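[1] Using only what follows, build the 3D model:
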Amino acid sequence: MIGLRTVVYFGDVTAMMRAFWERLIFQYLSYDDYSKPLFDRKIKTAMIYTMNAPESILAQIGYEKTMQAYERMLQAYFGNSTGLRSTETLQVADYSKYHMASFNEADRKRRRAEVFPKDCEIAYALGKSMAAAK
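    Here you go, the predicted structure:
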C-alpha cells in the first residue's frame with residue numbers, strides 16, 4: 001500500500017513530493033522495456049491532492065491532466081491507483097494580511113468547516129480500504 005499526499009502549487013506537486021516520487025519510481029524502472037516495471041507485485045496506491053483551485057476549473061487549467069499522469073504512472077508500476085482532490089482549501093487564517101482579494105475569506109472558511117471534513121472522511125475511508133486489501 002502506498003498513500004501519497006501533496007499540496008498542488010502552480011499546477012504540480014511540491015518539490016519535496018517530486019523528489020520522493022522520482023526515487024520511488026526510478027528503482028522500478030526497466031530501461032530494457034519501459035512497459036514492464038521491475039516491481040513484481042500489485043498493491044493499492046492513492047494520490048491525495050489539496051489545492052486552492054476550484055474543482056470546476058481543474059481540467060481547464062491543466063491540473064487534471066497532470067494529476068491523471070501521476071495516477072497512471074502509479075497504476076502502471078503498482079497495478080492500482082486512486083486519486084482524491086480536495087479543492088478550494090483554506091490557505092491562511094486571515095486573508096486580509098495578504099494580497100488575496102480575489103478570494104472570499106468567508107466562503108473559504110465555510111468550505112473548510114463544511115466540505116473539508118468530508119474530504120478528510122473520504123481520504124480516511126480510502127486509506128482504510130487500502131489497508132484492509134490483501
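[2] In three-state terms, label the residue nearest the centre of the chain for me.
    Central residue of the chain (CA atoms, centre = their mean): residue 49, 2.7 Å from the mean position. Of the three states, residue 49 takes strand according to DSSP: H, G, I helix; E, B strand; the rest coil.
[3] how much space is there between it and residue 68?
    Between residue 49 and residue 68 the distance, using CB to CB, to the nearest Å, works out to 11 Å. (C-beta placed from N, C-alpha, C; glycine too.)
[4] Quick check: neighbours shared by the two?
    Counting by CB atoms under 8 Å, 6 or more residues apart in numbering, the shared contacts of residue 49 and residue 68 are residue 83.
[5] okay, and for this structure, where does confidence drop off?
    134 (pLDDT under 70).
[6] Give the pairing partners of the biggest strand by length in it; include direction for each.
    Identified as the longest strand of the chain according to DSSP state E is strand 2-9. If you go by DSSP bridges, strand 2-9 pairs up with strand 12-13 (antiparallel), strand 45-50 (parallel).
[7] quick one: contacts of the first one?
    When you say that, I think you mean strand 12-13. Contacts of strand 12-13 (CB under 8 Å, 6+ apart): 6-7, 18, 21, 49, 66, 70.
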